[in-house]
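Student: Generate a structure from the sequence data that follows.
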Amino acid sequence: MNKIWLIVQREFLNRVQKKSFLVATILLPLIFPAIMAVLVYVAVEQKKNATKEVVLYIDESGYFKPDTSKFLFSPFPGTLEEGKRVIKESEDFGLLYVPSFELADPKGITLYTRINPSPSDISDIEKIFENDIRDRKMVELNVDKELLEKLKTQVDISSVKIDEGGQEKTSNSKVLFGVGMAGGIMMYMFIFIYGAQIMQGIIEEKMSKVVEVIVSSVRPFQLMMGKIIGLASVGLLQFLIWIVLISTLSTFVLGYFGLQTPQQEMMKMNEQAQQMAAQDPGSLQVLNALSQINWPYVIFSFLFYFIGGYLLYGALFAAVGSAVDSPAEAQQFMFPITIPMLISYFGLFTFILEDPHGPISVWLSIIPFTSPIAMMGRIGFGVPDWQLALSMLLLAGGFVLTTWFAARIYRVGILMHGTKVSYRVLAKWFMQKG
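Tutor: Modelled structure (predicted):
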């Protein structure tokens, strides 16, 4: 155990004292607020200087009623062919051709432009026609528009969870969806990024022949465990520094542009809760749902599954790193490792967030290879204690199993150079005694 601890210290200090670590740790948190500042500045300036695009139109139907909320529509007196020639040589956005059509089957409407329009541009013009045609149909069918509006009723269903102790807690499915999605995506990114760092670090030491000196005094298993835990501590430290710096700098950037931070928004919402209840009940529901979430429970679960998932996949990445001589050779072995992560990542959007208590979601959150991402998608919706305990227990057992599996490959592969590695060779190393 002492030797593993010494290797942990060595890996931690070597990484932390490198200029690359300091640059990455300080520079990356600066990049995000800088990007935010540039985007906010550009958006503000663009809004100030925004000018509406001009769209020429030829209306043969007599139904078109221009809506100038986004575009400036100008009638074109000539023919369609003349309009096409004008568009080629002008600075106008495009030419809208509206042929005669039946209200029941509006076809043939075409927008001619010099550049490909965005989906939002097309959608805005389509809505003009849809609204106009709807109004004309209502007139033909003698439907009173005001009466139709009165028939529309918005129904808001409040969701209240009753726990085993009988305590009632307000919840909001959209808020829980957002918490689950953010947790799952962050888990996927961190495990993959820091797991790949383990593989890269082992490949570098193997190529420099330093490992041959180290294994003369420690067992390969101790070396592998020390590197995994040491790099895990580096990643955790870097992650915590990023959170602090990004939060601080983002607050400064938002304040500089006169915008409020999420914390300030929540304080303001608390102070004006009664006013918001009358003016915007939806915002108050979101605030209540956020306040009802057990954040210490969510954060603890995130840290546990981050560390557990990192150690589980870190052992496999370490085995791959020990078996190859370059990152290029490692690509063929990385894909099978990342398949469970990809399954849980896509399952996050396909099953887990849509049905967090369904059988597929439950199994994905229990199986060790998929539980770190899947459980974070479910955690906000509430997970039975027995499922969470079983998932954590299996994740710890999965780490032990993958470490044992990886160690049998690592002990042979770390000293091999120039060997053409295949799955058959890996199996031979795994079965080798001694």
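Student: contacts, neighbours, all on C-alpha from now
Tutor: Fine.
Student: Going along the chain, name the helices of the stretch 101-250 of the chain.
Tutor: Ranges of helices within the stretch 101-250 of the chain are 119-140, 145-151, 173-208, 210-214, 220-256, based on DSSP state H, counting those that start in this stretch.
Student: what helices or strands is the last one leaning on?
Tutor: Judged by 3 or more CA pairs under 8 Å, 6 or more residues apart in numbering; DSSP states H and E, the packing partners of helix 220-256 are helix 2-16, helix 19-49, helix 173-208, helix 295-323, helix 385-413.
Student: Let me know whether residue 77 touches residue 60 as I believe.
Tutor: No: using CA atoms under 8 Å, residue 77 makes no contact with residue 60, being 11.3 Å away.
Student: picking up where we left off before, buried deepest among the helices and strands packed on helix 220-256, which one?
Tutor: Of all the helices and strands packed on helix 220-256, helix 295-323 has the most neighbours on average by mean count of other CA atoms under 10 Å, namely a mean of 23.
Student: who touches the helix or strand just after it?
Tutor: Going down the chain from helix 295-323, the next helix or strand is helix 327-347, by DSSP states H and E. The contact list for helix 327-347 (CA atoms under 8 Å, 6 or more residues apart in numbering) reads 184-185, 188, 200, 203, 313, 316-317, 320-321, 324, 361, 364, 369-371, 373-374.
Student: can you rerun that using 6 Å?
Tutor: Residues outside helix 327-347 that contact it (CA atoms under 6 Å, 6 or more residues apart in numbering): 369, 370, 374.
Student: which one of those residues sits closest to residue 152?
Tutor: residue 374 (38.7 Å; CA to CA).
Student: So for the helix or strand harbouring that closest one, mean pLDDT?
Tutor: Assigned by DSSP H and E, residue 374 belongs to helix 371-378. The pLDDT scores in helix 371-378 average 90.
Student: repeat for stretch 106-117
Tutor: Summarised as a single mean, pLDDT over stretch 106-117 is 83.
Student: Roughly how far does residue 245 sit from residue 91?
Tutor: 46 Å (CA to CA, to the nearest Å).
Student: Mind checking which of these two has more residues around it?
Tutor: Counted by other CA atoms under 10 Å, residue 245 and residue 91 do not tie: residue 245 has more neighbours, with 17 against 11.
Student: how far away is residue 176 from residue 378?
Tutor: From residue 176 to residue 378 the distance is 9 Å (CA to CA).
Student: What are the buried residues along the longest strand along the chain?
Tutor: Identified as the longest strand of the chain according to DSSP state E is strand 53-59. Neighbour counts over strand 53-59 (16 or more other CA atoms under 10 Å) mark 54, 55, 56, 57, 58, 59 as buried.
Student: residues in contact with residue 112?
Tutor: Per CA under 6 Å, 6+ apart, neighbours of residue 112: 94, 95.
Student: can we see that at 10 Å?
Tutor: If you count contacts by CA atoms under 10 Å, 6 or more residues apart in numbering, residue 112 has them with 55, 56, 57, 83, 84, 87, 88, 93, 94, 95, 96, 97.
Student: Make CSV out of the helices of the stretch 101-250 of the chain and add distance to residue 295.
Tutor: Output for those, formatted as CSV (distance: least, CA to CA, whole Å):
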stretch, distance to residue 295
helix 119-140, 37
helix 145-151, 41
helix 173-208, 10
helix 210-214, 43
helix 220-256, 16
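Student: For this structure, which residue occupies the most central location?
Tutor: residue 185 (4.2 Å; CA atoms, centre = their mean).
Student: Hmm, residue 376 and that one touching each other?
Tutor: Yes: contact status for residue 185 versus residue 376: in contact at 9.0 Å, counting by CA atoms under 10 Å.
Student: Touching both of the two, which residues are there?
Tutor: What both residue 185 and residue 376 touch, as defined by CA under 10 Å, 6+ apart, is the set residue 348.
Student: can I get the CA coordinates of stretch 13-25 in PDB?
Tutor: Presented in PDB, the C-alpha positions along stretch 13-25 are these (Å, rounded to 0.1, in the frame of the first residue of the first chain):
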ATOM      1  CA  LEU A  13       3.000  16.100  -8.400                       C
ATOM      2  CA  ASN A  14       4.400  15.400 -11.800                       C
ATOM      3  CA  ARG A  15       1.200  16.400 -13.500                       C
ATOM      4  CA  VAL A  16       0.400  19.400 -11.200                       C
ATOM      5  CA  GLN A  17       3.900  20.800 -11.600                       C
ATOM      6  CA  LYS A  18       3.800  20.700 -15.400                       C
ATOM      7  CA  LYS A  19       3.300  23.900 -17.300                       C
ATOM      8  CA  SER A  20       0.700  22.200 -19.400                       C
ATOM      9  CA  PHE A  21      -1.400  21.500 -16.400                       C
ATOM     10  CA  LEU A  22      -1.200  25.100 -15.200                       C
ATOM     11  CA  VAL A  23      -2.000  26.400 -18.700                       C
ATOM     12  CA  ALA A  24      -4.900  24.000 -19.200                       C
ATOM     13  CA  THR A  25      -6.300  24.700 -15.700                       C
END
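Student: now it, how far from the centre of its chain.
Tutor: 26 Å (CA atoms, centre = their mean, to the nearest Å).
Student: That concludes my questions; thank you for your assistance.
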